[in-house]
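[1] output the structure for:
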Amino acid sequence: SSSFWADELFTMQVVDHHQGLGEVFRRVLADVHPPLYDFLLYGWIELFGTAESAVRLPSAILAVLGIAVFARGTRRLLSPTAAAFACAAATASMFWYEQAQNARNYTLAMVISAALLAAAIDIGRRIRSGERLTAGAWLWLTVLGVAGSQVHPYMLLMVGMLLLFLLITARTW
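    Numbers count the residues shown, from 1 in each chain. Below is the predicted model:
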């Protein structure tokens with residue numbers, strides 16, 4: 001609904017050039033955020049340009065994807081009514097609305113957070129039922145954790161808290 005704000009302008013300074021990912025990495029060193037979103041946005045604007053709508057579209061897509069990942073990941077834990085309520089509450093919030101049109105890394109962090117939640121729910125269910133954990137479950141959790149840590153600094157803290165929760169709630173250590 002308005003032109004780019006200060007943080008978005010900084011993101012544009014990082015990605016709006018045609019000098020490759022090495023230059024994106026060099027420029028992102030001045031930011032507090034890790035580079036994964038900037039790498040993705042650089043590729044996006046190489047394909048679709050730097051019009052405001054084109055630059056903000058990935059955030060809108062990721063916001064919708066975050067809701068879909070949450071709904072799918074919680075389908076065995078929550079009733080359909082509870083999942084629908086949670087999705088409606090999220091999408092009706094001003095926070096979600098703002099992030100869905102913000103050309104920054106926050107919606108990618110939200111998608112990865114929803115996927116981490118789904119992975120943790122699956123691992124927790126397996127632990128409680130006495131099933132053997134597969135290497136794939138741990139690998140998926142690890143890949144998501146590493147990806148998240150390359151999107152926002154707080155994602156690494158979130159992964160640590162998630163692992164601590166799984167450890168504390170396990171029947172045996």
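[2] need the three-state assignment for S3.
    S3 falls in the coil class when you classify it by DSSP: H, G, I helix; E, B strand; the rest coil.
[3] list the residues that contact it.
    Counting by C-beta atoms under 8 Å, 6 or more residues apart in numbering, S3 touches E52. Backbone N, C-alpha and C define where each C-beta goes, glycine included.
[4] cutoff 10 Å now
    S3 sits next to 9, 52 when contact means C-beta atoms under 10 Å, 6 or more residues apart in numbering.
[5] cool, A86 as well?
    A86 neighbours (C-beta under 10 Å, 6+ apart): 67, 70-71, 74, 78.
[6] out of those residues, what pair is the most spread apart?
    The largest separation in the contacts of A86, counting by C-beta to C-beta, is between I67 and L78 at 13.4 Å.
[7] isn't A90 right up against A63?
    Yes. If you go by C-beta atoms under 10 Å, A90 and A63 touch, sitting 9.1 Å apart.
[8] name the residues contacting each of I67 and L78.
    Taking C-beta under 10 Å, 6+ apart as the contact rule, I67 and L78 both touch 86-87.
[9] report the helix or strand with the lowest average pLDDT across this structure.
    Across the helices and strands of the chain, mean pLDDT, DSSP states H and E gives its lowest value to helix 153-169, namely a mean of 89.
[10] what lies in contact with it?
    If you take C-beta under 10 Å, 6+ apart as the criterion, helix 153-169 is touched by 32-34, 36, 105, 108-109, 112-113, 116-117, 119-120, 123-124, 127-128, 133, 141-142, 144-150, 152, 173.
[11] residue closest to the middle of this structure?
    Ranked by distance to the mean C-alpha position of the chain (C-alpha atoms, centre = their mean), the top residue is A109 at 2.4 Å.
[12] any idea how far V69 is from that residue?
    Remark: distance between A109 and V69 (C-beta to C-beta, to the nearest Å) = 12 Å.
[13] who touches both of these two?
    What both A109 and V69 touch, as defined by C-beta under 10 Å, 6+ apart, is the set L62.
[14] so for the longest helix along the chain, what gets flagged as buried?
    Identified as the longest helix of the chain according to DSSP state H is helix 106-129. Using 16 or more other C-beta atoms under 10 Å as the test for burial, helix 106-129 gives 106-124, 127.
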